[in-house]
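> my questions concern the predicted model and sequence given below.
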Amino acid sequence: MQAYPDNAFIAEQLEAFASLLDLSGASFYTARAYRRAAETIRETKAPIAELVAAGRAQELRGIGAGIAARLQELVETGRIAELDELDREVRPELVALGRLLGVGPKRMVEIGRALGVSTVEEFREAARAGRLTSVPGIGPQTEQRLLAGLDREHAPRPRKGMLLNRARALLEEIAGAVGGEVAGDPRRWADSSFDFAVACSAAEPKPVLDTFEALPVIVSVLEREERRALGVTVEGVPVELVVAHPSRFGTELVRATGAQVYVDALGELPEAADEESLYAQLGMPWCPPELREEPFRGDPPPLLVREDIRGDLHVHSTWSDGKASILEMATAARDLGYEYLAMCDHTPNVRVVPGLNADDLRRQGEEIAKVNETLAPFRVLRGTEVDIRSDGTLDLPDDVLAELDWVQLSLHAGQRQSREELTRKVTEAMRHPAVRALSHPKGRIINHRPPNALDLERAFEVALETGVAVETNGLPDRLDLSGPEIRLAVQAGVPIVVSTDAHSVRGLGNMRLAVHTARRGWATAANVVNTRPLAEVLERR
């Protein structure tokens with residue numbers, strides 16, 4: 001009987017292939033498809049190799065014909081020929097360094113060949129020896145930029161940060177492997193991350209540093225000292241590892257976590273084994289990482305926690321652009337410990353995705369009623385993410401809106417309108433008697449679309465008049481409202497909805513992003529609508 005590779009090995013090979021695709025400059029979506037396939041295989045309990053051998057690989061979620069063919073090759077031969085070829089052609093250390101310096105993969109490999117170097121140290125030596133200008137296309141200005149990039153203190157800050165979900169996943173993987181704690185921007189749950197760090201406690205640092213250097217995710221180690229190292233990932237992300245002596249772990253974790261202006265304001269940090277001891281020595285209460293952006297004194301409020309959330313008030317299903325049925329979404333939400341879930345599919349005006357008209361919503365209501373019979377006492381709310389049309393009216397008739405349990409507004413088109421026009425449309429729509437919440441008010445897409453010009457102060461005034469809540473949206477590329485904007489809402493007394501905008505069962509996991517974004521805005525459970533029992537949610541207006 002043939003001995004097949006196990007799921008862990010197959011997933012590891014797909015991950016390696018994805019990394020080399022990244023390094024070779026292949027499409028982001030291609031590499032992501034292989035990573036998602038690897039994740040699916042890890043989560044699958046059945047032997048994947050047997051499914052592959054039976055020609056059933058494409059029955060698995062996210063496995064298309066191309067990935068299935070490589071799985072077939074792997075199961076039959078124990079290897080992927082293209083993986084071996086990429087491994088020979090791509091110079092991972094140089095490519096990772098190139099991304100750090102702002103040089104594309106192919107160009108960095110060309111530079112390496114022209115200089116006759118293949119490692120980071122060889123590249124450094126060539127650069128310091130003045131050999132960069134011998135490479136065709138590199139003049140004095142480019143040489144100075146590359147030299148500055150090699151000096152990390154003077155390296156330019158990347159134009160785009162890494163989205164929070166990816167940043168947390170990256171550092172959680174590294175921290176788990178070395179027995180450390182996530183630090184840097186991701187520990188503060190920043191919207192996008194530029195500074196990545198992991199802090200460890202160890203009397204003997206060498207084993208920890210060795211483990212870090214050997215991690216598959218760390219393509220190259222640029223710097224290594226007695227108690228710290230700087231590694232670079234396949235995406236060119238620099239990750240600092242700090243290995244503190246146990247007596248100083250709290251000190252180094254605080255230093256590695258806070259924004260620089262916050263840490264500087266603390267003054268000279270005393271030696272402490274944990275953060276609580278350090279803050280006590282400073283005569284200050286322990287400060288949640290999310291609040292370590294700007295200096296402040298006094299007691300932090302009791303911030304919102306995930307366990308406070310009783311339900312998710314913004315999810316989608318296959319009725320519009322979701323990937324799961326109402327029953328699947330509701331069952332998953334119930335299993336997360338929620339008491340209720342608002343089904344808020346799109347309306348027709350969105351256009352780029354399917355939208356529900358009045359008849360569709362009533363038919364959907366029949367399906368929701370059946371799901372509620374099945375899952376009682378858990379409750380699915382009949383809801384909608386109703387679009388604001390170009391003329392400022394709502395995209396559903398009043399009689400349909402009056403039937404629903406939860407109506408939230410969204411503006412998908414016209415994000416570039418003037419402050420006056422945008423604010424007029426949104427605030428007029430907020431005055432509709434059926435409306436309960438305003439979704440992703442600023443309309444931003446992190447790294448792609450800036451916030452719109454909506455006058456939040458005016459929107460908050462109308463929210464207080466009408467009882468309409470404002471949302472912080474847990475989609476990783478939205479997180480809208482942002483932390484600072486939520487703080488303005490909290491200070492104004494406007495209620496907050498902390499939702500996921502989930503389009504799949506997996507998307508329900510974005511609640512932690514929404515919760516931590518609310519925490520960055522100093523939100524407590526009392527500020528948040530969906531920390532309340534269902535009866536209170538339905539009685540709000």
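That came through fine.
> quick one: the helices in the stretch 351-500 of the chain, in order.
Along the stretch 351-500 of the chain, the stretches classed as helices by DSSP state H, counting those that start in this stretch are 358-375, 398-403, 419-430, 456-466, 483-492.
> put the alpha carbons of the longest strand anywhere in the chain into PDB.
Criterion DSSP state E: the longest strand present in the chain is strand 379-387. Extracted as PDB, the C-alpha positions of strand 379-387 are listed here (Å, rounded to 0.1, in the frame of the first residue of the first chain):
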ATOM      1  CA  ARG A 379     -32.800  35.100  17.200                       C
ATOM      2  CA  VAL A 380     -32.000  36.300  13.700                       C
ATOM      3  CA  LEU A 381     -33.200  39.800  13.100                       C
ATOM      4  CA  ARG A 382     -34.700  40.800   9.900                       C
ATOM      5  CA  GLY A 383     -32.500  43.700   8.800                       C
ATOM      6  CA  THR A 384     -31.000  45.500   5.800                       C
ATOM      7  CA  GLU A 385     -28.000  47.500   4.900                       C
ATOM      8  CA  VAL A 386     -30.100  50.100   3.000                       C
ATOM      9  CA  ASP A 387     -28.200  52.200   0.500                       C
END
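> circling back: ok, which of the helices of the stretch 351-500 of the chain comes nearest Glu293?
When those are compared by Cβ to Cβ, helix 483-492 sits nearest Glu293, at 8.0 Å. Heads up, the C-betas are built off the backbone N, CA and C, glycines and all.
> circling back: can you check what angle separates the longest strand of the chain from helix 358-375?
Here strand 379-387 points in a direction 160 degrees away from that of helix 358-375 (axes from the mean of the first three to the mean of the last three Cα atoms, to 10 degrees).
> helices and strands around strand 379-387, which ones?
Here strand 379-387 touches strand 311-315, strand 340-343, helix 358-375, helix 398-403, strand 406-410, going by 3 or more Cβ pairs under 8 Å, 6 or more residues apart in numbering; DSSP states H and E.
> and that strand, what's its mean pLDDT?
Strand 379-387 carries an average pLDDT of 97.
> turn the helices and strands packed on strand 379-387 into CSV, including distance to Arg168, mean neighbour count and mean pLDDT.
Supplementary listing: these in CSV, determined by distance: least, Cβ to Cβ, whole Å; neighbours: other Cβ atoms under 10 Å; pLDDT from 0 to 100:
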stretch, distance to Arg168, mean neighbour count, mean pLDDT
strand 311-315, 20, 28, 98
strand 340-343, 24, 28, 98
helix 358-375, 31, 15, 97
helix 398-403, 37, 15, 95
strand 406-410, 26, 26, 96
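> next, format these as a markdown table and append distance to Asp480.
Below are the helices and strands packed on strand 379-387 laid out as a markdown table (distance: least, Cβ to Cβ, whole Å):
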| stretch | distance to Asp480 |
| --- | --- |
| strand 311-315 | 12 |
| strand 340-343 | 18 |
| helix 358-375 | 25 |
| helix 398-403 | 23 |
| strand 406-410 | 11 |
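> which one of the ones you listed lies closest to Glu465?
strand 406-410 (15.1 Å).
> excluding sequence neighbours, find me the nearest residue to Leu60.
Closest residue in space to Leu60, ignoring its immediate chain neighbours: Thr40 at 5.7 Å, by Cβ to Cβ, 6 or more residues apart in numbering.
> host element of that neighbour?
Thr40 is located in helix 28-43, with elements delineated by DSSP states H and E.
> that helix: what's the following helix or strand?
Sequence-wise, the next helix or strand downstream of helix 28-43 (DSSP H and E) is helix 48-53.
> run through who's touching that next one.
2, 4-7, 10, 41, 57, 59-60, 68, 71-72, 74-75 (Cβ atoms under 8 Å, 6 or more residues apart in numbering).
> one more time with 6 Å, if that's ok
Helix 48-53 is contacted by residues Tyr4, Pro5, Asn7, Ile10, Ile41, Ala57, Leu71, Gln72, Val75 when judged by Cβ atoms under 6 Å, 6 or more residues apart in numbering.
> so which strand or helix has Leu97?
For Leu97, the host element (DSSP H and E) is helix 92-101.
> following that helix, which helix or strand comes up?
Next along from helix 92-101, by DSSP H and E: helix 105-115.
> which residue is the nearest non-sequential neighbour of Lys86?
That one is not Lys; residue 86 is Leu. Sequence neighbours aside, Leu20 is the residue nearest to Leu86 in space, at 4.0 Å (criterion: Cβ to Cβ, 6+ apart).
> for the helix holding Thr40, buried residues please.
Going by neighbour count (16 or more other Cβ atoms under 10 Å), the buried part of helix 28-43 is Ala31, Ala33, Tyr34, Arg35, Arg36, Ala37, Ala38, Glu39, Thr40, Ile41.
> please state the offset of that helix from the chain centre?
16 Å (Cα atoms, centre = their mean, to the nearest Å).
> I'd like to know which elements that helix is packed against.
Helix 28-43 sits against helix 7-23, with contacts defined as 3 or more Cβ pairs under 6 Å, 6 or more residues apart in numbering; DSSP states H and E.
> pull the helix it packs on out as PDB, backbone CA atoms only.
The C-alpha coordinates for helix 7-23 follow below in PDB (Å, rounded to 0.1, in the frame of the first residue of the first chain):
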ATOM      1  CA  ASN A   7      -1.900  16.900   5.800                       C
ATOM      2  CA  ALA A   8       0.700  18.800   7.700                       C
ATOM      3  CA  PHE A   9       3.400  18.100   5.100                       C
ATOM      4  CA  ILE A  10       1.100  18.900   2.200                       C
ATOM      5  CA  ALA A  11       0.100  22.200   3.800                       C
ATOM      6  CA  GLU A  12       3.800  23.100   4.500                       C
ATOM      7  CA  GLN A  13       4.700  22.500   0.900                       C
ATOM      8  CA  LEU A  14       1.900  24.700  -0.300                       C
ATOM      9  CA  GLU A  15       3.000  27.400   2.100                       C
ATOM     10  CA  ALA A  16       6.500  27.200   0.800                       C
ATOM     11  CA  PHE A  17       5.300  27.400  -2.700                       C
ATOM     12  CA  ALA A  18       3.200  30.500  -1.800                       C
ATOM     13  CA  SER A  19       6.200  32.200  -0.300                       C
ATOM     14  CA  LEU A  20       8.400  31.600  -3.300                       C
ATOM     15  CA  LEU A  21       5.600  32.900  -5.600                       C
ATOM     16  CA  ASP A  22       5.600  36.000  -3.500                       C
ATOM     17  CA  LEU A  23       9.400  36.300  -3.800                       C
END
